[in-house]
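**Student:** quick check, what structure comes out for this input:
(chains A and B)
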Amino acid sequence: MDNPAAAPRSAPPSEPPVTDPAATVPAGTQPDLTEPLSSAPAGTEPAGSAPAGSEPAGTEPAATTTTVPPSRPTADDIPLLAFAQSFELTLRDLYDEAIGAGVAEGDAGPVFSTLRENHEEYGNVLAGIIGTDAPQRRDDAIFDQFVSGFQNADVVGVASAAYDVESTAVATHNELIGQLTGVDAAATLAALLVIESRHCTVLAHLAGNGEDMAALIENAATALPATAPAEG
Amino acid sequence: MDPQNSEPQGLAGQPISRRRLFEVGGASIGLAALLAACGNSEAPAAGRVGNAPVATDLPDAVVNDIVYLRTMTSLEYSLVDVYAVLAGLEGLPTPTTDALTRFTADHTANAAALAQLTTDAGGQPYECGNAWMMGRAFQPALDNILGKGRDGDTPAITPTDDANRDTLAMINGLETLAAATYQGMVEKLSVPPVRAAIIPFGAQAARHAAAIAIIAGGEEGAARYVSPVLLGAEPDAEATFPTAYAIPTRFGQLTPIEVTIGAENDLGLRYKATFETPADNAYIYDGEVCA
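**Tutor:** As a prediction, this is how the structure comes out:
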């Protein structure tokens, strides 16, 4: 279900980056973390900052070229954030499918409606960071991948399906945090990721796995690669 | 001497003429100006008593990613230390002891992973608890669960009246603190891959907290899924023990975490521990070693 109130995207995302499925720190390739925070790693200068050696004539070069990571998303961050936003709106639409099928009519109704509201709010916040490039719509490929589990009123069945996609969202946002340069966007993803992790625990319990501590606290999902949102 | 008709007199009892008075006065002013010019214009230092060593300025502390990694490691060790104490309480039910066992294993593994990240980054791992946080937040909370004898002017602390209730509250508070710490570190760390390497620990801590909130609900665990505030209700400000919920807020919070524990004191009040994410005083700076 598309968001009828969604604003049209003013421009498609630029070339979607290829994601590295293993966003860990490869041994021997770590940047120098002994530098004070004011020293940013290469490639993290804010967009528009002057390249090294481009001081105007007659000025003294700075003793050190120190910058902090940019707050605002860089141009390379925008497609990643657009993917994150479309993922959040996909989750909202998936819960809408379950609520439409009647899952919210039982005791667990407030849980599913809360999760739906949370994801819509996450989409709104990400749209605020992205600006006019925000896709403002779901990713149909992800929606199609998970929707069958949401099209019924069985609480356990929906909770199990929701657990899978929420776990995937957490893993995906984790990957994106490792690729984003702008601090604001990374911090926002972290703030919603910790709550989405709590969603997973609730859904595991709701799905009947309350006695299984591993199910309550472990995430074995694999991240989805960040791509431009697919339209149906 | 007639007080009505007195004149200034010299030491020898001779009257001082007006000329002589100006001469003496001028000489005094000149001498005072000379002494002032030769003196030090700085304010005098406070006097010293005894043989105290001369104070030296502290070196400027550098806060970088390695300091953050060492601090996160110390928090993990602190949680392991606190859980070891809580696990020794008598009468805890199986779900609580199972959670303590599992969470201890998780935090031990996290500490090792963070130590490795520190080493990989060229730093020296800090492999023990955070003394600042332990001394000012965690130990006082533990004292109000275990009880503590009188210490000088500090009155004795009565042991808790419900060890399981307070253990669950402590775990929930500490796991929420850990989740908030990692969430906040994403904003502080300068290298994106390191941010991605640590946030899974925050996600795990958030799930620990959610699981404990449900466990604390017992048979009514499902009532602990979502905070009523998210459903439009007003928070219960009158509750003695704030109820923990698996989903307490819409976004992860970085605000201080308050945990109510312990037995009632003479005033009918219980201890409120406040856990805050590490800041300057709690950081484990380069060169700090385990005590």
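**Student:** please count neighbours and contacts with C-alpha atoms only from this point.
**Tutor:** Will do.
**Student:** for the strand or helix carrying A:P79, buried residues please.
**Tutor:** Using DSSP states H and E, A:P79 sits within helix A:77-100. Of the residues in helix A:77-100, those with enough neighbours to count as buried (16 or more other Cα atoms under 10 Å in any protein chain shown) are A:77-99.
**Student:** now swap in stretch B:88-97 and tell me
**Tutor:** For stretch B:88-97, by 16+ other Cα under 10 Å, it's B:L92, B:T96, B:T97.
**Student:** now B:A169. Nearest residue, chain neighbours left out?
**Tutor:** Once flanking residues are discounted, B:A169 sits nearest to B:V259: 6.4 Å by Cα to Cα, 6 or more residues apart in numbering or on different chains.
**Student:** dump the buried residues of stretch B:88-97 to JSON lines, plus secondary structure.
**Tutor:** Listed next are the buried residues of stretch B:88-97 as JSON lines, based on DSSP: H, G, I helix; E, B strand; the rest coil:
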{"residue": "B:L92", "secondary structure": "coil"}
{"residue": "B:T96", "secondary structure": "helix"}
{"residue": "B:T97", "secondary structure": "helix"}
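**Student:** and these, which is closest to A:A141?
**Tutor:** Lowest distance from A:A141 to these (Cα to Cα) belongs to B:T96, with 41.7 Å.
**Student:** state the pLDDT value of the closest one.
**Tutor:** For B:T96, the model assigns a pLDDT of 97.
**Student:** how about it, what does it touch?
**Tutor:** Listed by Cα atoms under 8 Å, 6 or more residues apart in numbering or on different chains, the contact partners of B:T96 are B:N164, B:T167, B:L168, B:I215.
**Student:** excluding chain neighbours, what is closest to the second one?
**Tutor:** Meaning B:T167. B:L86 (6.5 Å).
**Student:** so, low pLDDT: which residues of chain A?
**Tutor:** Confidence mapping of chain A against pLDDT under 70 gives the ranges A:1-67, A:231-232.
**Student:** using the three-state scheme, assign A:A226.
**Tutor:** Under three-state DSSP, A:A226 comes out as coil.
**Student:** buried members of the contacts of B:T96 into ChimeraX, please.
**Tutor:** Applied in ChimeraX, the following selects the buried portion of these according to 16+ other Cα under 10 Å:
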select /B:164,167,168,215
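**Student:** ok, the contacts of B:T96 vs A:E120, which is closest?
**Tutor:** For the contacts of B:T96, the nearest to A:E120 is B:I215 (28.5 Å; Cα to Cα).
**Student:** the closest one contacts B:G221, correct?
**Tutor:** Yes - the pair B:I215 / B:G221 is scored as a contact, 6.2 Å apart, by Cα atoms under 8 Å.
**Student:** and B:S227, what does it touch?
**Tutor:** B:Y245, B:A246, B:I247, B:P248, B:T249.
**Student:** thinking again about what came up before, what strand or helix carries the residue nearest to B:T167?
**Tutor:** Counting by DSSP H and E, B:L86 is part of helix B:65-87.
**Student:** now do the helices in chain A.
**Tutor:** Assigned by DSSP state H, chain A shows helices spanning A:77-100, A:109-130, A:140-146, A:155-177, A:183-206, A:213-217.
**Student:** so which of these gets nearest A:V68?
**Tutor:** Per Cα to Cα, nearest to A:V68 of the helices of chain A: helix A:183-206, 9.6 Å.
**Student:** that closest one and chain B, any residue contact?
**Tutor:** Yes - residues of helix A:183-206 contacting chain B under Cα under 8 Å from any Cα of the partner chain: A:183-184, A:186-187, A:190-195, A:197-202, A:206.
**Student:** may I have the secondary structure class of B:A137?
**Tutor:** Per three-state DSSP, B:A137 ends up helix.
**Student:** surely it meets B:F275?
**Tutor:** Yes - counting by Cα under 8 Å, B:F275 is a contact partner of B:A137 at 6.2 Å.
**Student:** chain A contacts on the stretch 101-250 of chain B?
**Tutor:** B:120-123, B:179, B:183-184, B:186-187, B:189-197, B:199-200, B:202-204, B:206-208, B:210-211, B:222, B:225-226, B:230-231, B:246-247, B:249-250.
**Student:** how does it look with 6 Å?
**Tutor:** B:A121, B:Q183, B:V186, B:E187, B:P192, B:P193, B:A196, B:A197, B:A203, B:A206, B:R207, B:A210 (Cα under 6 Å from any Cα of the partner chain).
**Student:** mind checking how far the last one is from A:A169?
**Tutor:** Separation of B:A210 from A:A169 (Cα to Cα, to the nearest Å) stands at 18 Å.
**Student:** more neighbours: which of those two?
**Tutor:** Counting neighbours by other Cα atoms under 10 Å in any protein chain shown for B:A210 and for A:A169 shows that B:A210 has the greater number, 32 against 23.
**Student:** surely that one is in contact with B:T249?
**Tutor:** No - contact criterion Cα atoms under 6 Å: B:A210 and B:T249 do not qualify, at 11.6 Å.
**Student:** so what's the residue lying closest to B:I247 once chain neighbours are set aside scoring on pLDDT?
**Tutor:** Distances taken as Cα to Cα, 6+ apart place B:V226 nearest to B:I247, at 4.8 Å, with adjacent residues excluded. pLDDT recorded at B:V226 is 97.
**Student:** ok, what's across the strand from whichever residue of the stretch 1-150 of chain B sits closest to chain A?
**Tutor:** As assessed by Cα to the nearest Cα, chain A sits closest to B:N64 within the stretch 1-150 of chain B, at 4.6 Å. Beta-bridge partners of B:N64, counted by DSSP bridges, are A:P36.
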